[in-house]
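Colleague: Would you be able to build a 3D model of this:
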Amino acid sequence: MPSIIGVEVAKTSILCCAVDSHSIPGDLAQFARSYTPVTLLSNLSGVQTLLELGDIYVLEPTGDYSKIWIDTLKSNGKTVLRVNPKRVTALKAYSGVANKTDRYDAAFLALYGALNLDKASAFLSDFAEDLRAATLHHQFLTRMTGNHQRRLWQLLSHEWPEVCRTASGKKPQQNRDWLYPKPPALWRFIAGQPTNTTARRQAQLDATIGTGLTDLSRALAAQICELERQQLPYEEKISALLESSQFKPYHAVFNAFGFGEMTRAVILSRIYPLSQFLGEDGQPIKTKAPSEKGRYHRRNRSLGAFRLALGLGTQAYQSGQERRHKPAGSKVPPPRWA
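Modeller: Model (predicted):
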């Protein structure tokens, strides 16, 4: 009989709860209050004890904090199930538990895993989570690069104004192309790194009406180049994941809209597998809801959940005389569709 281990992850420790998948407690709240949790530190002893606790481990994906535990469990042949935190919170609320503590979280992670062990759609896809992690890292580096670029353009407006526009009046290329190993030549030149146009750019700089490049501008350009290079490994990982055969039907749709690889990765990290939004028969879930006028409105629950996953959903809000729909869904900014 497999033991389901709920693992609540903190910065330097974890709290674990064990549940027998064939003997699930009838009163979930009472079990969560009465079980004896196992607290483990992030060290060798903690890892050894964790591996001895059970067969299947249920965790919430908490980024860098949970990564070390997930990787360790997988490398030792353990089954790891990652769950959406909102689903665990819903199970707690259904059981009458309103408190937010590590003890309750670990218990309901284990209980959720035991109750849904045979439902693959109840857990997050490993491929989607790997894509999500890679895209989040890439987006972080992109934001950092953009901040440096904006400040550098401001400095160049009086240090080397001629370079701020091309002969056609457009801004020069400031971002590296997808999977291209080298940052744009302009940033490399300002940073003092070799380029094929060093002599020409140096002549332009010598003839500038500006004040000339400062140490700050050169330092910012060097940091931009390094941030651009740091993005490359994540782009390679994203491209490799996107080539997986299970994504082929999705690419057929993406091709029709001309989505780039980063946009595809962000979308897939939130909606894969699409079956999670459908009923057991593989069809959209549609219901009828009564209106105040006695009529019935058709509701496409699958479409609503799909929009929420992309951060483009809405949620009905009513308080007294106020009635409106609020934006709802993922807090991560959605990709730019255009």
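
Colleague: Please, where are all the helices along the stretch 51-200 of the chain?
Modeller: Counting by DSSP state H, counting those that start in this stretch, the stretch 51-200 of the chain has helices at residues 64-75, 85-94, 102-115, 126-159, 185-190, 198-206.

Colleague: Leu41 contacts Lys11, correct?
Modeller: No: using Cβ atoms under 8 Å, Leu41 is not in contact with Lys11; the gap is 10.9 Å. Just so you know, the C-beta spots here come from the backbone N, C-alpha and C atoms, and that holds for glycine as well.

Colleague: Please say which of these two ends up with more neighbours.
Modeller: Applying other Cβ atoms under 10 Å to Leu41 and Lys11 shows that Leu41 carries more neighbours, namely 13 against 8.

Colleague: List the residues that contact that one.
Modeller: Shown in contact with Leu41 (Cβ atoms under 8 Å, 6 or more residues apart in numbering): Thr12, Ser13.

Colleague: Phi and psi next, for it.
Modeller: phi -90, psi 160 (degrees, to the nearest 10).

Colleague: Can you check the pLDDT for it?
Modeller: What the model reports as pLDDT for Leu41 is 95.

Colleague: how close does it sit to Ser13?
Modeller: According to Cβ to Cβ, to the nearest Å, Leu41 stands 5 Å off from Ser13.

Colleague: cool, His325 as well?
Modeller: From His325 to Ser13 the distance is 41 Å (Cβ to Cβ).

Colleague: Then Pro61?
Modeller: When Pro61 is compared with Ser13 (using Cβ to Cβ), they lie 18 Å apart.

Colleague: how about Gln318, secondary structure?
Modeller: Using DSSP: H, G, I helix; E, B strand; the rest coil, the structure places Gln318 in strand.

Colleague: For it, give its distance to Leu232.
Modeller: The separation that Gln318 has from Leu232, given Cβ to Cβ, amounts to 49 Å.

Colleague: same deal with Arg323?
Modeller: Counting by Cβ to Cβ, the gap from Arg323 to Leu232 is 50 Å.

Colleague: Of the two, give the one with the bigger neighbour count.
Modeller: Neighbours of Arg323 and Leu232, each counted by other Cβ under 10 Å, are more numerous for Leu232; the result is 18 against 9.

Colleague: residues in contact with the more buried one?
Modeller: Arg176, Leu179, Pro181.

Colleague: Where does pLDDT dip in this protein?
Modeller: 1, 292, 329, 331-338 (pLDDT under 70).

Colleague: Just give the closest residue to the spatially most central residue of it, not the sequence neighbours.
Modeller: The centroid of the chain falls nearest to Arg132 when counting by Cα atoms, centre = their mean (3.7 Å). Of all residues not flanking Arg132 in the chain, Ser269 sits nearest, at 3.8 Å (Cβ to Cβ, 6 or more residues apart in numbering).

Colleague: burial measure for the closest residue to Arg188 other than its chain neighbours, as a count.
Modeller: Residue nearest to Arg188 in three dimensions, not counting chain neighbours: Thr195, with 5.0 Å by Cβ to Cβ, 6+ apart. For Thr195, the neighbour count with other Cβ under 10 Å is 18.

Colleague: what does the one 4 residues further on give?
Modeller: Neighbour count of Ala199, defined by other Cβ under 10 Å: 9.

Colleague: What separation do you get for it and Leu205?
Modeller: 11 Å.

Colleague: now do Ala114
Modeller: Counting by Cβ to Cβ - Ala114 and Leu205 are separated by 67 Å.

Colleague: Which of these two has more residues huddled nearby?
Modeller: Per other Cβ under 10 Å, whichever of Ala114 and Leu205 has more neighbours is Ala114, with 22 against 17.

Colleague: just to revisit the earlier point, now, of the helices of the stretch 51-200 of the chain, which is deepest in the fold?
Modeller: helix 102-115 (a mean of 24; mean count of other Cβ atoms under 10 Å).
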